[in-house]
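> how would this look folded up:
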Amino acid sequence: MAKVLITGAGGYIGVNTAKLFLEAGYTVVALDNFSQGFKQPLELLAQTYGQDKLLIYSEDLTVDGGAATLDKEKDIDGILHFAALLDVGESMHAPEKYFTNNVIGTQKLIHSAIKNNIGRFIFSSSCTVYGEVENPPVDETAPLQRHASAYGATKKICEELLQWYDQLGKMKYVSLRYFNVCGASDDGMLGDAKRDTFGLMQNAIKGALGQRPFDFNYQKVSTPDGSPVRDYINVVDLADAHVKAYEYLVKNNKSDVFNLGTGTGSSVLEVVNEIKRVMGVDFPVTDSAERRIGEVAKIFANYSKAKSLLGWEPKRSLEQSIKTLAQFYKDHPQGWDH
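Coordinates of the predicted model:
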C-alpha cells in the first residue's frame, strides 16, 4: 500500500484518521508540531500497527512547510492536511495568528509538496466557508458568503490556493467541508484531548462528569429555542470519509469538494438535553455574560454529493457519539500526558 503524510496527526481528527488509514494498510507519516496535538495516542497506534507503519515527526509548517520531513520520507503518495488553529471565537480576537498559521502554513506545505512531486492533497476545510446560510441544508453549490469569522476566511483562502494550483496543473485535491465534529473512536480510546476545548459536546460531557463547570456562552440567535443550530458529525464517520476521498482522488485524478455532515440540525440546547438524557445526569448549566463571536445562527449539511461520488454516509448517531466521548473522558479525565 501507499504511504501518506498526515499533518496535525496528533490532533482529534488527525489521529482518528491515521487509525483508519493504518487499518486500510497504508503507511502513515504523522507530522505535528504538538502545540495542540499529542504524541501519546500516536505512540499507542505505533505499538498496535508497527513503528514501521506509523512514522512520527515533529515540525512547524509555518517554518518550511514540512520540508525536513519530506527530505527524509521520499516516497509519499499524497497528503492529508489537518494542521490548523480551530477556535472560531479566538480567531476574531487574534486574526493575525490564524492567517499566519492556517494560510501561510498551508501555502508552504503546498510548495513543499510540489517540490517533492506529491500531487494529491486532501484538505480539512469547514462549513464556515459558507458564512450565514438562509435556508439549510446547504450543498456544495452554495455561494461562499462573507465569513462570520476569521477562521472561516482562512479556510476559504486555502481552498482558493488549491484551486489555483489545480488550474496551473500542479496538484489535484479534495476539499472536505466539515460540520461540527463530535464523539470518539468506537472503543472510546481516541477522543478530543484538548484541555481547553471549545466544542459543545466536549464541554457539556465534562460538565456531566463533574470534571469542569459547563458554561453556556453561545450567542442568542433567531432559532426556535434561541440557541445556534449545528450538524454534529461523528469523528469516525468523518475519518472514514477521508479514506474514501483519498481513494476517489487516486482513482479519478480529479479535484472536488464535499460536505461532511449528517443532514440533521440540532440546537445547542437540544444537544445539552440529549447529553443529560444519555448520561442520566442533570448537571448545572451556567449562562456566561461573555458570548462567543463569529457564530452563525443555523447551518447543517446536504451530503448527497459525498454519498453519490464517494459512497460515504454517516453511520453513528448522536447518542453513540455522546457515549464514546464520555468513555474517553472517564478514562482520560486530564487528557493525554504528552
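> test my guess that residue 272 contacts residue 204.
Yes. Counting by Cβ atoms under 8 Å, residue 272 touches residue 204, with 5.3 Å between them. In this view, the C-beta of every residue, glycine as well, is placed from N, C-alpha and C.
> now do residue 195 against residue 327, distance only.
Between residue 195 and residue 327 the distance, using Cβ to Cβ, to the nearest Å, works out to 18 Å.
> between the two, who's got more neighbours?
residue 327 (18 against 8; other Cβ atoms under 10 Å).
> angles on the backbone of residue 8, please.
phi 70, psi 30 (degrees, to the nearest 10).
> could you check how many residues crowd around it?
26.
> residues contacting it?
14, 31, 32, 37, 81, 82, 83, 84, 124 (Cβ atoms under 8 Å, 6 or more residues apart in numbering).
> any chance of those residues in CSV, with neighbour count, pLDDT and secondary structure too?
Putting these into CSV (neighbours: other Cβ atoms under 10 Å; pLDDT from 0 to 100; DSSP: H, G, I helix; E, B strand; the rest coil) gives the following:
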residue, neighbour count, pLDDT, secondary structure
14, 27, 98, helix
31, 30, 98, strand
32, 26, 98, strand
37, 26, 94, coil
81, 27, 98, strand
82, 24, 98, coil
83, 28, 96, coil
84, 24, 95, coil
124, 26, 97, strand
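> re earlier: need the overlap of contacts for residue 272 and residue 204.
residue 214.
> what strand or helix carries residue 164?
helix 150-167 (DSSP states H and E).
> how close does the closest residue in space to residue 7 that isn't next to it in sequence get to residue 112?
What sits nearest to residue 7 in space, not counting adjacent residues and going by Cβ to Cβ, 6 or more residues apart in numbering, is residue 83, at 4.0 Å. Using Cβ to Cβ, we find residue 83 at a distance of 13 Å from residue 112.
> phi, psi for the nearest residue to residue 138 once chain neighbours are set aside please.
Distances taken as Cβ to Cβ, 6+ apart place residue 130 nearest to residue 138, at 5.4 Å, with adjacent residues excluded. With angles defined as degrees, to the nearest 10, residue 130 sits at phi -80, psi -20.
> the bottom helix or strand of the protein by mean pLDDT?
Least confident helix or strand of the chain, by mean pLDDT, DSSP states H and E, is strand 285-287 with a mean of 68.
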